[in-house]
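> curious how this folds, go ahead:
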Amino acid sequence: MANDVARRLAISVQPVPKQDPEERKRNFEETYLGFDLNAARIEASRCIQCPSAPCQEACPVHNDIPGALALIEAGDILGAADKFRETSNLPEMCGRLCPQEKLCEGACVVGFAIRPDGRQEPPVTIGKLEAFCTDYQRQQLGGYPMPRYMPEPTGFKVAVIGSGPAGLAVAEQLADKGHSVTVYEYWPEPGGVLVYGIPNFKMRKNIVDEYIAHLEAMGVRFICNTYVGRDITIDELFQQGFHAVFIGTGAGVGNEMGIEGEDLEGVYSATEFLVRGNLAPEMLPERLRTPLPRLNDVVVIGGGDTSMDCVRTAVRLGAQNVTCVYRRTEAEMLGREEERKNAREEGVRFEMLTLPTRILGDEHGRVRAVECQRMQLGEPDETGRRRPIPVPGSEFVIPADAVVIAIGYGADPVVPQTTSGIRTDRKALIQVDEKGRTTRPGVFAGGDNVNGADLVVTALADGRRAAEAIHEYLMTLPAPRR
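Sure thing, here's the model as predicted:
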């Protein structure tokens, strides 16, 4: 056993091929090209199969990662994909979008093991292996794997509000139990943040499109261009005969800076910039169908993954000077390190310890620059991160013909405001118990509208828990008339 562990630890990490920076700056194709079969098997063989499996514990949906990697190593790629699908509805998406360095890979023993020669190696590249085996499976099957047997219809009807990760997980889990599921989506096409928040260079859209087609084949119905709370209320859904409702509206309300000039022409929320920059006009509401103007100097304010999506989109739209402005240092940034690395490779400039104080306009009311001030770090604040403090006399200006505000998101208060019996906090986050049950019987919630802006995988985990609770609730109701 000890010899086998030593052998595995001696295997070097397999690099994941990706497009050359100069090439990918000119397209919206996925940056990472992914493993081939041989490299995937070698990389999977780096897993030492430790009995405690800290990677599995660190995964919010508790994927059997050692089991899946053992199957990849043995060449059973379809079996590995099925192993991931036992606990995850979206493994090809999580493999691309999860911050694995803070979750499964961050807990991987291989990454901090002591080797006889003192050599350090990164953890096993779990996320890219998860994406590889599930992509391989879909290619072999011509789509997502259908259940072996479709269940008998129960007659119960469930409305799901929002088709992001939480809502899609609820829809699949409940459809698999025979319940009738209808998903309501604000945007013109289903997929929520997976379509309208994730650029193609991180995840190509056909992965989501194929998953939606898979759910439709299972009987799930999608109704788009519908703003629940305005176009229809939850009370009206119950009146129409739904037996339970799941709220998965996410956190789609962009935060604002509250500084002078934020209303100038050329100042965009992160969502507006991303959807207009990444999607075809027909996929958008009419008010967002006008293409973005030609840009040269783009300033993106914020330091998370969304800001990296924005700066990298700006590069692909042809901007010559793209600057990310962040008021702390890179050590305090909450987003993924690999995304910052990709952005730097593509020519993005970072202004750390910098706070925008004013957005300056020209005589036509259009953005021309961002006034900033240098910062220094003081004592930690309530988040544990050191508080930025202005440096007197350090003001300077960055030229800009577009400014993107990417400083986080909040929950939309409309659904809870128009639904009696649902308790929220002061940030409009819906209060639920450990199973996703709200304070109103028959109404459940999960994802970012409960947790605040978070990860795809945490929303997925919430959705799976809530689906189980919804099923349990439905089983307490009188059987519907057939």
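> pLDDT below threshold where in the stretch 301-450 of the chain?
Within the stretch 301-450 of the chain, no stretch falls below the threshold (pLDDT under 70).
> all helices for it, in order.
Secondary structure of the stretch 301-450 of the chain (DSSP state H, counting those that start in this stretch): helices located at 305-316, 337-345, 414-417, 448-451.
> can I get those in a markdown table including mean neighbour count and distance to residue 208?
Any C-beta I mention is one placed from the backbone N, CA and C, and that applies to glycine too. Putting the helices of the stretch 301-450 of the chain into a markdown table (neighbours: other Cβ atoms under 10 Å; distance: least, Cβ to Cβ, whole Å) gives the following:
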| stretch | mean neighbour count | distance to residue 208 |
| --- | --- | --- |
| helix 305-316 | 25 | 16 |
| helix 337-345 | 18 | 19 |
| helix 414-417 | 20 | 23 |
| helix 448-451 | 26 | 17 |
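> nearest to residue 78, of these?
helix 337-345 (27.9 Å; Cβ to Cβ).
> look up how far residue 129 lies from residue 95.
When distances are taken as Cβ to Cβ, to the nearest Å, residue 95 and residue 129 turn out to be 7 Å apart.
> I'd like the helices of the stretch 301-450 of the chain laid out as JSON lines, including distance to residue 257.
Shown next, in JSON lines, are the helices of the stretch 301-450 of the chain (distance: least, Cβ to Cβ, whole Å):
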{"stretch": "helix 305-316", "distance to residue 257": "13"}
{"stretch": "helix 337-345", "distance to residue 257": "21"}
{"stretch": "helix 414-417", "distance to residue 257": "23"}
{"stretch": "helix 448-451", "distance to residue 257": "21"}
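> which parts of the stretch 101-250 of the chain are helices?
So, for the stretch 101-250 of the chain - with DSSP H, counting those that start in this stretch - the helices run 126-141, 165-175, 193-196, 205-217, 234-239.
> for the ones you listed, which one ends up most surrounded?
When you average the neighbours per residue for each of the helices of the stretch 101-250 of the chain (mean count of other Cβ atoms under 10 Å), helix 165-175 leads with a mean of 28.
> which stretch among the helices of the stretch 301-450 of the chain comes nearest residue 112?
Taking Cβ to Cβ as the criterion, residue 112 comes closest to helix 337-345 out of those, the separation being 16.5 Å.
> so which elements touch that closest one?
Packed against helix 337-345 by the contact rule (3 or more Cβ pairs under 8 Å, 6 or more residues apart in numbering; DSSP states H and E) you find helix 305-316.
> chain center to the helix it packs on: distance?
Using Cα atoms, centre = their mean, to the nearest Å, the distance from the centre of helix 305-316 to the centre of the chain it belongs to is 14 Å.
> which residues does it contact?
If you take Cβ atoms under 8 Å, 6 or more residues apart in numbering as the criterion, helix 305-316 is touched by 25-28, 99, 197-199, 201-202, 270, 273-274, 277-278, 295, 298, 300-302, 322-324, 326, 334-336, 339-340, 342-343, 346-348, 402, 404, 406, 408-409.
> how close does the nearest residue to residue 413 once chain neighbours are set aside sit to residue 411?
Nearest residue to residue 413, sequence neighbours excluded (Cβ to Cβ, 6 or more residues apart in numbering): residue 428, at 3.8 Å. Using Cβ to Cβ, one gets 4 Å for the distance from residue 428 to residue 411.
> ditto for residue 47
Taken as Cβ to Cβ, the spacing of residue 47 relative to residue 411 amounts to 38 Å.
> picking up where we left off before, of the helices of the stretch 301-450 of the chain, which approaches residue 441 most closely?
Distances from residue 441 to each of the helices of the stretch 301-450 of the chain were compared using Cβ to Cβ; the shortest belongs to helix 414-417, at 15.6 Å.
> just to revisit the earlier point, and for the residue nearest to residue 413, the neighbour number?
A total of 18 residues lie near residue 428 under the criterion other Cβ atoms under 10 Å.
> and it, what does it touch?
Shown in contact with residue 428 (Cβ under 8 Å, 6+ apart): 410, 411, 412, 413, 416, 449.
> distance of the fifth one relative to residue 219?
I take that to be residue 416. Look at residue 416 and residue 219: by Cβ to Cβ, they are 29 Å apart.
> repeat for the fourth one
Residue 413 sits at a distance of 32 Å from residue 219 (criterion: Cβ to Cβ).
> could you do the first one as well?
The spacing between residue 410 and residue 219, counted by Cβ to Cβ, is 34 Å.
> picking that back up, so which of the helices of the stretch 101-250 of the chain gets nearest residue 71?
helix 126-141 (8.0 Å).
> for that closest one, name the packing helices and strands.
Using 3+ Cβ pairs under 8 Å, 6+ apart as the contact criterion, the neighbours of helix 126-141 among helices and strands are helix 37-44, helix 65-73, helix 77-85, helix 91-97.
> among those, which is the most enclosed?
Scoring the helices and strands packed on helix 126-141 by mean neighbour count under mean count of other Cβ under 10 Å gives helix 91-97 as the most buried, with a mean of 25.
> how about residues contacting that helix?
Defining contact as Cβ under 8 Å, 6+ apart, one finds that helix 91-97 is touched by 30, 32, 61, 63, 81, 84-85, 88, 127-132, 134-135, 138, 165, 194, 198, 202-203, 207-208, 211, 455-457, 460.
> please redo it, this time with the cut-off set to 6 Å
The contact list for helix 91-97, computed with Cβ atoms under 6 Å, 6 or more residues apart in numbering, reads 84, 127, 130, 131, 134, 135, 203, 207, 456, 457.
> those: which two are farthest apart?
The distance between the two most remote of the contacts of helix 91-97 (Cβ to Cβ) is 17.6 Å, for 135 and 457.
> report the contact partners of residue 210.
By Cβ under 6 Å, 6+ apart, the contact list for residue 210 reads residue 143.
> same question for residue 415.
Listed by Cβ under 6 Å, 6+ apart, the contact partners of residue 415 are 228, 229, 247, 249.
> longest strand in the chain, please.
Across the chain, the strand with the greatest residue count (assigned by DSSP state E) is strand 367-380.
> quick one, strands of the stretch 151-300 of the chain?
Counting by DSSP state E, counting those that start in this stretch, the stretch 151-300 of the chain has these strands, from start to end: 157-161, 180-184, 221-223, 244-247, 253-254, 267-269, 297-301.
> angle of the last one against helix 337-345?
Interaxial angle of strand 297-301 relative to helix 337-345 (axes from the mean of the first three to the mean of the last three Cα atoms, to 10 degrees): 160 degrees.
> quick check, pLDDT for residue 177.
We have a pLDDT of 97 for residue 177.
> I meant residue 59, not that one.
The model reports residue 59 with a pLDDT of 98.
> show me the contacts for the residue nearest to it when sequence neighbours are not counted.
The shortest distance from residue 59 to any residue other than its chain neighbours is 5.0 Å, reached at residue 104 (Cβ to Cβ, 6+ apart). Neighbouring residues of residue 104 by Cβ under 6 Å, 6+ apart: 55, 58, 59, 65, 126.
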